[in-house]
Structure formats: structure tokens, C-alpha cells
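Engineer: how would this look folded up:
(one chain, ligands or ions: 1)
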Amino acid sequence: MSMKIYFAGSIRGGRDDAQLYYKIVKHLQDKFGQVLTEHVASLDVKESGEQMDSVEIHDRDMAWLTDANVLVAEVTQPSLGVGYEIGRAVEMKKPILCLFRPSSGKHLSAMIGGAVNIPNMTVKYYEEAEVINVINEYFAALQK
Ligand SMILES: O=c1[nH]c(=O)n([C@H]2C[C@H](O)[C@@H](COP(=O)(O)O)O2)cc1CO
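Structural biologist: Now for the predicted structure:
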């Protein structure tokens, strides 16, 4: 089944993980469907963000989120935008996969890690080497 996927990753929160976002987005495109937010994984997008008006970015992204069948968020690098997108997707009752790498030494926000009673939200703790398997397992369950 081909899905519309919203991928969320840090931009103004810092681009340390941009290469990993690229790997995730490439895999999602190869196996599961259309990634609406391909630019989040672009190595050309720097920490200053896209060269676009913030209002246009916000309104475009909210329209994409509304249109998406699923949200995949890499949450290791803390980002206000990603946290906001997750909260909005919770309210829209979209299936949400949050991916966090404990080996980063970062501490995941309790508002993400503690959201265990939100039925449409899954938080997966993983190592970078497992990322493809973790995504495959989530989508296999989703597509059942
Ligand atoms: O230029 C941008 N383009 C864009 O699509 N976003 C969206 C998509 C990302 O998942 C998220 C990143 O938020 P932040 O920039 O606060 O780290 O917000 C955010 C920015 C800059 O804030």
C-alpha cells in the first residue's frame, strides 16, 4: 500500500542528524510511499531553515500534516517544530512513530516519552544500525 508520509525532523533545532533523516526518508520512499516533507532530510537545508516566509512554511506543513496518513518523527535532536507537529498529529488522530536514540546521551522530553497512554502514538528507542528494521516493523503492523 502506498501511503502519504509526513516526516518530521529538527531544522532550526539543529541539523546534527540530517544525514540520518536522509537515510530514513530514502527508505520510506523506497518501501512505503510518498514523503510529503522530503526537504526535512535535504542536506541543503541548513539550521536557518528554508528560504521561505515562516507563515508559508507553517501553513504548507499543516496542510501536509492534515493530508498525511502517518507521521514519522526522529525526536533525538530536540525541536520545537517537531514537538508541535507531534502534538497536532495527536489531536488529528494520525498514527505517529517517534524515533529516539538513547545512545545520543540526550534526555527525551517527558511529553513524548511519557505519552504511553496516547493510543495513536508509539515511541521507539533504537540504535542507528536498527533504523530500517524498526521502520519496517512499524509499517508492517500499520498496514495490517
Ligand atoms: O524551514 C523549515 N521548514 C519546515 O518544514 N519546518 C518544519 C518541518 C520540521 O519537521 C520541523 C522542524 O522544526 P524546527 O525548525 O523548530 O526544528 O518544522 C521548519 C522549518 C524551520 O523552522
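Engineer: Would you confirm that Ser79 contacts Arg15?
Structural biologist: No - in this structure, Ser79 is not within contact of Arg15 by C-beta atoms under 8 Å, at 10.2 Å. Just so you know, the C-beta spots here come from the backbone N, C-alpha and C atoms, and that holds for glycine as well.
Engineer: list residues touching both of these two?
Structural biologist: Residues touching both Ser79 and Arg15 by C-beta atoms under 8 Å, 6 or more residues apart in numbering: none at all.
Engineer: just so I have it, where are all the helices in this protein?
Structural biologist: Ranges of helices in the chain, per DSSP state H, are 18-31, 54-67, 80-91, 110-113, 131-142.
Engineer: Look at Ser79 and Arg15 and report which has more neighbours.
Structural biologist: Ser79 (21 against 18; other C-beta atoms under 10 Å).
Engineer: With the flanking residues excluded, which residue is spatially nearest to that one?
Structural biologist: Leaving aside its chain neighbours, Ser79 sits nearest to Gly13 (3.2 Å; criterion: C-beta to C-beta, 6 or more residues apart in numbering).
Engineer: So in terms of bridging, what pairs with the most centrally placed residue in the chain?
Structural biologist: Nearest to the mean C-alpha position of the chain, counting by C-alpha atoms, centre = their mean, stands Ala73 at 1.9 Å. Under the criterion DSSP bridges, Ala73 forms beta bridges with Ala8, Cys98.
Engineer: For it, give me the pLDDT.
Structural biologist: Per-residue pLDDT puts Ala73 at 99.
Engineer: Show the contacting residues for it.
Structural biologist: With contact taken as C-beta under 8 Å, 6+ apart, Ala73 is in contact with 7-9, 82, 85-86, 96-99.
Engineer: likewise Glu50?
Structural biologist: For Glu50, the contact set (C-beta under 8 Å, 6+ apart) comprises 11, 39, 57.
Engineer: List just the nearest of these to Ala129.
Structural biologist: Closest approach to Ala129 among these (C-beta to C-beta): Ile11, at 24.8 Å.
Engineer: how many neighbours does the residue nearest to that closest one when sequence neighbours are not counted have?
Structural biologist: What sits nearest to Ile11 in space, not counting adjacent residues and going by C-beta to C-beta, 6+ apart, is Gly49, at 5.2 Å. For Gly49, the neighbour count with other C-beta under 10 Å is 14.
Engineer: Alright, calling it a day.
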